[in-house]
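J.: can you look at this prediction? I've put the sequence above it.
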Amino acid sequence: MSDGTRADGLPADPATGQAGRHAVVVGGGLAGITTALALADAGIRVTLLEGRPRLGGLAFSFQRGELTVDNGQHVYLRCCTAYRWFLDRIEGAALAPLQDRLDVPVLDVNRPEGRRLGRLRRDALPVPLHLGRSLATYPHLSLAERAKVGRAALALKVSIWPIRPWTRRTSAAG
């Protein structure tokens, strides 16, 4: 048929004239691009629709004078395996190197000189203690705020790692 369908009504692949699976992905952000790539890798013909003149969704950069403003994924951790797959798949992993150990400098332009730069660094301690030293000396939080973060981290540890059954003690009635 001349309208691109076969006699049985299924869409025909323009290259082969055979019916094939075809998907339409709406949105060219990270999720849309990832979905389109996964479908294409599975042998499905994909049409990716994006309303903007660029792909990336909320991950983009723009120029303001001589300043480049990056609005993309600023920090990702080793546990972000899907994001790493995405970067590898689009051959962009070299543009977002993975640090051996988390070390994020944070500049506060509203603080007086001498207390403007803070760092969030991971130590070799177990979670949630791995950020303890960094948060204890972090200049952008007050002492009270640092104490709240510490309490929250300890509460998180309890909720994530419940007490192991063999450490529970029960008294046997005699």
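T.: Received it, and whenever you're ready, just let me know what you need. Numbering: from 1, shown residues only.

J.: need the contact partners of the helix ranked longest in the chain.
T.: Identified as the longest helix of the chain according to DSSP state H is helix 143-160. Contact with helix 143-160 is made by 127-129, 131-132, 135-136, 138, 141, as judged by Cβ atoms under 8 Å, 6 or more residues apart in numbering. For the C-beta atoms, the positions are set from N, CA and C on the backbone; glycine is no exception.

J.: so which helix or strand takes in A82?
T.: helix 81-89 (DSSP states H and E).

J.: for that helix, name the packing helices and strands.
T.: In terms of contacts (3 or more Cβ pairs under 8 Å, 6 or more residues apart in numbering; DSSP states H and E), helix 81-89 is packed against helix 30-41.

J.: can you give me the angle the helix it packs on makes with helix 81-89?
T.: Helix 30-41 runs at 60 degrees relative to helix 81-89, counting by axes from the mean of the first three to the mean of the last three Cα atoms, to 10 degrees.

J.: buried ones in helix 30-41?
T.: Buried residues in helix 30-41, counted by 16 or more other Cβ atoms under 10 Å: 30, 32-37, 39.

J.: D88: which of these is nearest?
T.: Set against D88, the nearest of these by Cβ to Cβ is L37 (10.7 Å).

J.: just give the nearest non-adjacent residue to that closest one, would you?
T.: Leaving aside its sequence neighbours, L37 sits nearest to R89 (Cβ to Cβ, 6 or more residues apart in numbering; 5.5 Å).
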